[in-house]
Each structure stands twice: as C-alpha cells, then as structure tokens.
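In: Sequence below, structure please.
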Amino acid sequence: MHVTRVNDQVHMVTGTNVNWALVSDGSALTLVDTGYPNDSAALLASIAETGHRPQDVTAILITHAHLDHIGGVPMMTGRFGTPVLTGAEEARHARREYLEQITPLEMLRLCGHRASRRWVLDTVRAVFPQIKISLPQVGVVPPKEPLDVPGGLVAIPTPGHTTGHTAYLMPSTGVLFSGDALVTGHPTSRRGEGPQRLPEVFNTSEDGVTTAIAALRDLPADTLVPGHGGLARGPLADMVDKALR
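Out: Take a look at the predicted model:
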C-alpha cells in the first residue's frame, strides 16, 4: 500500500494494482472506491496514515461495482456502518441485478503475456475467497450537483467501462476521480504510462468509453486521480486527447 498526497484534502492510495482515494473536510472523510476484498487491511492502514479513524469516513462513493473497487465496502459497512453511494444505474449493478465484469475464461486468455499473467495471479490473491460481492443497501447520488459529503464532490456519469460508471469531480480543488473511465496505466496495458483507456476486455462498451472520455474534456480539473496508474497533473483536455489517440 502506498499513499500519495494530492493536496491538503486529498490522498490517493495504491493497493493491489488499483487506487482508492481519501477526501478530507475537517475531521470527516469521503472514501472514493475501496480496492479489492483482500486490500481491506491496507484500506484501514491508509485511513490511519492520513491521521483519521475508520469512523471518520461518513460516505463511500463508488465509481463502479467491479471487485477491485468495491472489495472493502462490506468491511466498512459491516464494522462501521458507513453508507455507500453511486449513480442510479451503477446501483443496480452493485446490487447484482446484472453483472458486467471480466470472466475467468477471459482472464485465462490474458496469461500468454508475462505482465498480464502476473496481474491475473495478483487478482486471484486479492479476491479469493470473496469472489462474489453484492451491495444490497447501496444508495443513489444525483448527477452533476454537489453532494452532501465531505469535499462536496459532484457525480459525473461516464458510462462505458460499465453501464453506470460514475466519475467524481471535486470543484474546489480541481481534482477528478475518474475511476476506470480514464486511467494512466494498467499491468495488462501495452501503452505504458500516461492517460489511456483500459484494454477492451475490461469494458462493456468501447463506444461508450470513447464518449465518456471525450465528455471529460471541459471539466474544471487539472489533477487526475485514476482507478489505475499514477497521479496525473496538467490540462484535462490534453489528457483526454492523449487517451483518445
């Protein structure tokens, strides 16, 4: 686990090939995504490293309901009663009314490439035995208006990676939490580091991903906290252009 200070209010945390974020507002925290199920100890350690307690997390915002982003939710809701929120369509996905996720067969097909094989092994270790997670009590956030959570984040619908994928903008600091709509790297990527889309095998709709990335261009943000890869700073329009090349 590695904690990266983004600014006075925001920390990005890297767990098992995935990021989550902590947004502080006084003593209260918003948690954006939660890593894999077996990242839960690292999740608690990251909260402590920023000088907070798990009880300080008053809301969990999830970008989408893949296991590498919701794995710590059952621990947080079960032990601390933390409410979990996402967009209306992604809430259906989180409740497992349907499932959009890479299949075991698709993961096996990735094993021909050394870096991808390492990712598959890391993923199995990070998930097993909690291979099925649903979030029946997930709440819904309205799009494109400040939320009543620490940091005043704004939900930005970005369907494509999943049907209900939602990014979050922090207007007061110009930070965009892009989830998997726009990333800066992934162990299975052949594009190296820098703004990019995830490989096709992970996405529900390639056209949707293209539209979602393009829609980010004019947001008032100059700092990108992605679901995978490192922190990126600079004009968001330039990041969008690089990702769409």
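In: in its sheet, what does the longest strand seen in the chain sit against?
Out: For the chain, the longest strand by residue count, based on DSSP state E, is strand 19-25. With DSSP bridges as the test, strand 19-25 is paired with strand 10-14 (antiparallel), strand 28-32 (antiparallel).
In: Looking at those strands, which one is packed in the most?
Out: strand 28-32 (a mean of 25; mean count of other Cβ atoms under 10 Å). Where you see a C-beta, it was placed from the backbone N, CA and C, and this is true even at glycine.
In: Now do the same for it: mean pLDDT, whole number.
Out: For strand 28-32, mean pLDDT rounds to 99.
In: How about residues contacting whichever helix or strand comes after that strand?
Out: As assigned by DSSP states H and E, the chain's next helix or strand after strand 28-32 is helix 40-49. Defining contact as Cβ atoms under 8 Å, 6 or more residues apart in numbering, one finds that helix 40-49 is touched by 1, 3, 11, 13, 15, 20, 22, 29, 31, 34-35, 53-54, 56-57, 71-72, 75-76.
In: Could you check how far the residue nearest the centre of the chain is from Arg109?
Out: Taking Cα atoms, centre = their mean, the centroid of the chain lies closest to Gly179, which sits 3.6 Å from it. For Gly179, the distance to Arg109 equals 24 Å [Cβ to Cβ, to the nearest Å].
In: cool, and Gly78?
Out: 35 Å.
In: ok, now which ones touch Pro157?
Out: Contact analysis of Pro157 by Cβ under 8 Å, 6+ apart lists 87, 143-144, 164-166.
In: What values do phi and psi take at it?
Out: phi -60, psi 130 (degrees, to the nearest 10).
In: Tell me the bridge partners for the nearest residue to it once chain neighbours are set aside.
Out: Excluding the flanking residues, the one nearest Pro157 by Cβ to Cβ, 6 or more residues apart in numbering is Pro143, at 5.2 Å. Note on Pro143: beta-bridge partners Ala155, judged by DSSP bridges.
In: is it true that Pro143 touches Ile156?
Out: Yes - Pro143 is within contact range of Ile156, at 7.1 Å (criterion: Cβ atoms under 8 Å).
In: got the contacts of Pro157 as a markdown table, with distance to Val120 and pLDDT columns?
Out: Shown next, in a markdown table, are these (distance: Cβ to Cβ, whole Å; pLDDT from 0 to 100):
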| residue | distance to Val120 | pLDDT |
| --- | --- | --- |
| Gly87 | 29 | 98 |
| Pro143 | 34 | 97 |
| Lys144 | 37 | 95 |
| Gly164 | 26 | 98 |
| His165 | 23 | 99 |
| Thr166 | 27 | 99 |
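In: Most neighbours among these, which one is it?
Out: Counting neighbours by other Cβ atoms under 10 Å, His165 leads the contacts of Pro157 with 33 neighbours.
In: Centre of the chain to the one helix or strand Asp207 maps to, how far?
Out: Assigned by DSSP H and E, Asp207 falls within helix 206-215. Relative to its chain's centre, helix 206-215 lies at 17 Å (Cα atoms, centre = their mean, to the nearest Å).
In: that older thread, Gly78 and Arg109: which is more packed in?
Out: Arg109 (14 against 9).
In: if I look at the more buried one, how far off is Thr188?
Out: Taken as Cβ to Cβ, the span from Arg109 to Thr188 is 11 Å.
In: cool, Gly72 as well?
Out: Per Cβ to Cβ, Gly72 is found 22 Å from Thr188.
In: More neighbours: those two, which one.
Out: Gly72 (26 against 21).
In: since we're on the residue nearest to that one when sequence neighbours are not counted, how many residues are nearby?
Out: Spatial nearest neighbour of Gly72, excluding adjacent residues (Cβ to Cβ, 6+ apart): Thr34 at 3.2 Å. Residues lying near Thr34 (other Cβ under 10 Å) number 28.
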